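Visitor: Take this sequence and fold it.
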Amino acid sequence: MTIFEFVEQLCDIIGGEDAYYRFEKEELIKMCQEMSTSHEEYQNLQECKDAADAHETFYPNICDV
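Guide: Prediction:
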């Protein structure tokens, strides 16, 4: 695989089929940054959910009053 083929495939992942040809470089970079931010936010939410589930598992009656 050449570097061009690699970049072309990455662009397709980021922006869909033929993204390398349909978008400006700046647009693809922005899409990638947005994907990264969205993924980070999702991970943070998942960690909070996991922590809440763990708390409920280890302290099931603490909120029952």
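Visitor: Which neighbouring elements make contact with the lengthiest helix in the chain?
Guide: Criterion DSSP state H: the longest helix present in the chain is helix 25-58. Other helices and strands packing on helix 25-58, by 3 or more C-beta pairs under 8 Å, 6 or more residues apart in numbering; DSSP states H and E, are helix 3-15. Where you see a C-beta, it was placed from the backbone N, CA and C, and this is true even at glycine.
Visitor: Now whatever helix or strand comes next after the helix it packs on: buried residues?
Guide: Later in the chain than helix 3-15, the nearest helix or strand by DSSP states H and E is helix 19-22. Neighbour counts over helix 19-22 (16 or more other C-beta atoms under 10 Å) mark 19, 20 as buried.
Visitor: Buried residues of the helix or strand bottoming out on mean pLDDT in the chain, list them for me.
Guide: In the chain, no helix or strand scores lower on mean pLDDT, DSSP states H and E than helix 25-58, which sits at a mean of 89. Residues 28, 31 are the ones in helix 25-58 that count as buried (16+ other C-beta under 10 Å).
Visitor: next one: it to chain centre, how far?
Guide: 6 Å (C-alpha atoms, centre = their mean, to the nearest Å).
Visitor: Pretty sure residue 28 sits against residue 13.
Guide: No - when contacts are counted by C-beta atoms under 8 Å, residue 28 is not listed as touching residue 13 (10.3 Å).
Visitor: how near is residue 21 to residue 41?
Guide: Separation of residue 21 from residue 41 (C-beta to C-beta, to the nearest Å): 30 Å.
Visitor: Could you pull up the residues touching the residue positioned nearest the centre of the chain?
Guide: The centroid of the chain falls nearest to residue 39 when counting by C-alpha atoms, centre = their mean (2.3 Å). Residues counted as contacts of residue 39 (C-beta atoms under 8 Å, 6 or more residues apart in numbering): none.
Visitor: Just want the angle from the longest helix of the chain to helix 3-15.
Guide: Here helix 25-58 runs at an angle of 60 degrees relative to helix 3-15 (axes from the mean of the first three to the mean of the last three C-alpha atoms, to 10 degrees).
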